[in-house]
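Novice: 3D, please:
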Amino acid sequence: MLAQIEKWDNDEKQNFRVVAQKNKDNIKQTDDKLNKLVNLFLENHIDKETYLKKKDELIQTKIQLREQETSFGRQGNNVNELCKKFVLTARQPGNLATSNDLIQIKSLLVARSSD
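Specialist: Numbers count the residues shown, from 1 in each chain. Sure thing, here's the model as predicted:
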């Protein structure tokens, strides 16, 4: 069971890397578009109103992408960690049943009675 949880964890990390890279690429593309837009405006190829409208759109897009980027870092693999903790906790009584370590058995019983 722990092997399966580890596999899920690795899959999740791989998916995170792919999404994070795609997000970075989108931020780079947005920066490139902003630079092109500024150049077009400075060379008088577009009017000020069009420039300001498109600039605001691109900046909003960039802000959203940055927020997504920071939220990726906050998202953890809590589900996988909780599953792993559950499996390890569920195994403890079985492991201690064959053990002669009375102190560990007592600490497990005390810990479970307080939960």
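Novice: switch to C-alpha atoms for all contacts and neighbour counts from now on
Specialist: Will do.
Novice: Show me the shaky parts of this protein.
Specialist: For the chain, applying pLDDT under 70 flags the ranges 72-77, 93-97, 105, 108-109, 111-115.
Novice: Using the record's assignment, carve it into domains.
Specialist: 1-76, 77-115 (automatic domain parsing).
Novice: right, so the ones you listed: which one is the most enclosed?
Specialist: Among those, judged by mean count of other C-alpha atoms under 10 Å, the one packed with the most neighbours on average is domain 1-76 (a mean of 14).
Novice: Now do that one: distance to the chain's middle.
Specialist: 15 Å (C-alpha atoms, centre = their mean, to the nearest Å).
Novice: ok, now how distant is residue 59 from residue 65?
Specialist: Noted for residue 59: a distance of 10 Å to residue 65, by C-alpha to C-alpha, to the nearest Å.
Novice: Break down this structure into its helices, ranges please.
Specialist: 2-42, 48-74, 78-97, 102-114 (DSSP state H).
Novice: what packs against the first one?
Specialist: Yep, that's helix 2-42 we're talking about. The contact analysis (3 or more C-alpha pairs under 8 Å, 6 or more residues apart in numbering; DSSP states H and E) places helix 2-42 against helix 48-74, helix 78-97.
Novice: nearest to residue 31, of those helices?
Specialist: For the helices and strands packed on helix 2-42, the distance to residue 31 is smallest for helix 48-74, at 7.9 Å, taking C-alpha to C-alpha.
Novice: got the angle between that closest one and helix 2-42?
Specialist: Relative orientation of helix 48-74 versus helix 2-42 (axes from the mean of the first three to the mean of the last three C-alpha atoms, to 10 degrees): 160 degrees.
Novice: Check which helices and strands helix 48-74 sits against.
Specialist: helix 2-42.
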